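J.: Pasting the sequence and the predicted model now:
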Amino acid sequence: MSFLLVWSIGLGLGGMFFGGLWWTVNKGVLSANPALYVLTSLLLRMGLALSGFYLVLTSDLGEPSWQLLLLCLFGFLTARLLITRWTRVASVKAIKAPKESPHAP
C-alpha cells in the first residue's frame, strides 16, 4: 500500500511541476515581463517538488527511504511522460483545427 501511495505522490508532484511548466511557457510568452513570470514559476515549482521529495524521504512508512524516494521519482517521471504526451496531442489538435475566418458568414 505504501508503494502505491508514494508513486501517486510522485505522480502528483510531477503533474504539478510539468503542468506548471507548460502553463508558464504558454502564459509567459504573452506576458509583458516574461523573465519575472518564468523565475517565479521556477521557484514555486522547484520548492514544491523538493519539499515533496523531502517529505517522502523523511516519512516513516516502514520501508527504506531510498527505495521510496526512487519510487517517488518514478512517479514524477511518469507524470512527465503523460504531460508531454497530453500537451503534444493538444498542440496537434489546435494546429489541425480549422480556423474561422473573420469574414465568414
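T.: Received it, and whenever you're ready, just let me know what you need.

J.: And the longest helix along the chain, what does it pack against?
T.: If you go by DSSP state H, the chain has its longest helix at helix 65-96. If you count contacts as 3 or more C-beta pairs under 8 Å, 6 or more residues apart in numbering; DSSP states H and E, helix 65-96 packs onto helix 2-30, helix 34-58. C-beta: built from backbone N, CA, C; applies to glycine.

J.: nearest to Cys72, of the ones you listed?
T.: helix 2-30 (3.7 Å; C-beta to C-beta).

J.: same for that closest one, what does it pack against?
T.: So helix 2-30, by 3+ C-beta pairs under 8 Å, 6+ apart, packs with helix 34-58, helix 65-96.

J.: Show me which residues of the last one are buried.
T.: When neighbours are counted by 16 or more other C-beta atoms under 10 Å, the buried residues of helix 65-96 are found to be Leu68, Leu69, Leu71, Cys72, Leu73, Gly75, Phe76, Ala79, Arg80, Ile83, Thr87.

J.: Assess the claim that the first one and Ser59 are in contact.
T.: Yes: taking C-beta atoms under 8 Å as the definition, Leu68 is a contact partner of Ser59 at 6.8 Å.
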